[in-house]
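**Q** My questions are about this predicted structure, shown below with the sequence.
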Number of protein chains: 2
Amino acid sequence: MNNTYSFIGGAHGPWRVDGMQAVTGAGLDAVACLDVVNAPPAQLHNKGTWLLHGFTSNVRYAVRDEVNALKGIQQGLNRPASTCAALIPIKKTAAWWALAQDERRAIFEAQSHHTAIGLEYLPAIARQLHHCRDLGEPFDFLTWFEFAPQDTPAFNHMLVRLRASKEWTYVEREVDIRLSKRA
Amino acid sequence: MNNTYSFIGGAHGPWRVDGMQAVTGAGLDAVACLDVVNAPPAQLHNKGTWLLHGFTSNVRYAVRDEVNALKGIQQGLNRPASTCAALIPIKKTAAWWALAQDERRAIFEAQSHHTAIGLEYLPAIARQLHHCRDLGEPFDFLTWFEFAPQDTPAFNHMLVRLRASKEWTYVEREVDIRLSKRA
């Protein structure tokens, strides 16, 4: 399945772990490196100290104007200047998942401005969302970010704003893993 | 993962296959029986002639009023009188999945009345949706229906109405498998 990605924390991989913070709830075991492989866990030999996996999918909340705005400005992963990355696994509460689609959308955007905030930081902060709740994983989402070192303050500011939002009152576990590309 | 279900077509299982129709696109190999197991394929010994699997998940389109209306009237699976069932695997087009959330919602409900039509047939026709597109499966959805024999004409009528909808112009493969509970 080429939409499935494994994030392997351990002793190997092209990304050096610069810091890991348990923002909400339990953290993850400390590791030195991270590898990202476009394959499901069953196909991997090295399973590391911990292994998280998820799939990329269709948009769940973005409306047409937002999709067009994002597509008009965002840039892809793997830019040469993007030597910094972050992996932020998040789990939302059962109350969040029991909400209807319109209720989740209202909190996500009308009240929390999730997409609007993310747009302000494009194209500097590239982003790829991976879903994993439906796989029985410990987290619901694994969001991967890539940016240049000089954009780290902007990235931090974006996170502060998102974490202050109504949507984040439904986050029961969040880990913030900062990475830099090994030379 | 207790949200994952495998549908195993083969020589065994509590459901007898009364008919299989390739409604749109390629069908599935003829089988005599169907088994439904609340486990992923990797945990199964008997993989049958074909095996489809998917997961139950949160609602993707239903708004609060619709969720409340559904919950107020729907009944669960496994009712003693529900000796008839249907498994309807569906794959939608790439064009569908490229639509934004508001565009899909508009086609799904405002134009196609998907939830409203389903509501008219409750509680007689019980329904459980399984998602599988994100698993790299050949179909996007596996919908399971259960009903009493005397409600078969109503079930057929519901399908005719859904298949005549705008939403169904985005269906590129559909198989209709009818089942009855073995004595």
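**A** Perfect, I can see it now.

**Q** so how far does stretch A:94-112 reach from one end to the other?
**A** End-to-end span of stretch A:94-112 (CA to CA, to the nearest Å): 19 Å.

**Q** hmm, I was thinking of stretch A:114-125
**A** Stretch A:114-125 end-to-end distance (CA to CA) = 14 Å.

**Q** quick one: buried residues of it?
**A** A:His114, A:Thr115, A:Ile117, A:Gly118, A:Tyr121, A:Ala124, A:Ile125 (16 or more other CB atoms under 10 Å in any protein chain shown). C-beta: built from backbone N, CA, C; applies to glycine.

**Q** Report all helices and strands that the host helix or strand of A:Val17 contacts.
**A** Taking DSSP states H and E as the criterion, A:Val17 maps to strand A:15-24. On a contact count with 3 or more CB pairs under 8 Å, 6 or more residues apart in numbering or on different chains; DSSP states H and E, strand A:15-24 meets strand A:33-37, strand A:171-181.

**Q** got TSV for these, with distance to chain B, mean neighbour count and mean pLDDT too?
**A** Listed next are the helices and strands packed on strand A:15-24 as TSV, based on distance: least, CB to the nearest CB, whole Å; neighbours: other CB atoms under 10 Å in any protein chain shown; pLDDT from 0 to 100:
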stretch	distance to chain B	mean neighbour count	mean pLDDT
strand A:33-37	16	19	98
strand A:171-181	16	19	98
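
**Q** Throw the ones you listed into a markdown table and include distance to B:Ala11, thanks.
**A** Listed next are the helices and strands packed on strand A:15-24 as a markdown table, based on distance: least, CB to CB, whole Å:
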| stretch | distance to B:Ala11 |
| --- | --- |
| strand A:33-37 | 38 |
| strand A:171-181 | 45 |
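
**Q** So which residues of chain A form helices?
**A** A:64-73, A:94-97, A:101-105, A:114-120, A:152-163 (DSSP state H).

**Q** Just say which of those is most tucked in.
**A** helix A:101-105 (a mean of 18; mean count of other CB atoms under 10 Å in any protein chain shown).

**Q** Contact residues of chain A facing chain B?
**A** A:1-4, A:42, A:55, A:57-64, A:66-67, A:97-98, A:100-103, A:105, A:131, A:133-136 (CB under 8 Å from any CB of the partner chain).

**Q** can you do 6 Å?
**A** Within chain A, the positions lying close to chain B (CB under 6 Å from any CB of the partner chain) are A:1, A:55, A:57-59, A:61-64, A:67, A:97, A:100-103, A:134, A:136.

**Q** For chain B, see how far away the residue of chain A most remote from its centre is.
**A** Largest separation from the mean C-alpha position in chain A: A:His45, at 24.1 Å (CA atoms, centre = their mean). The spacing between A:His45 and chain B, counted by CB to the nearest CB, to the nearest Å, is 17 Å.

**Q** With A:Phe141 instead?
**A** Separation of A:Phe141 from chain B (CB to the nearest CB) stands at 13 Å.
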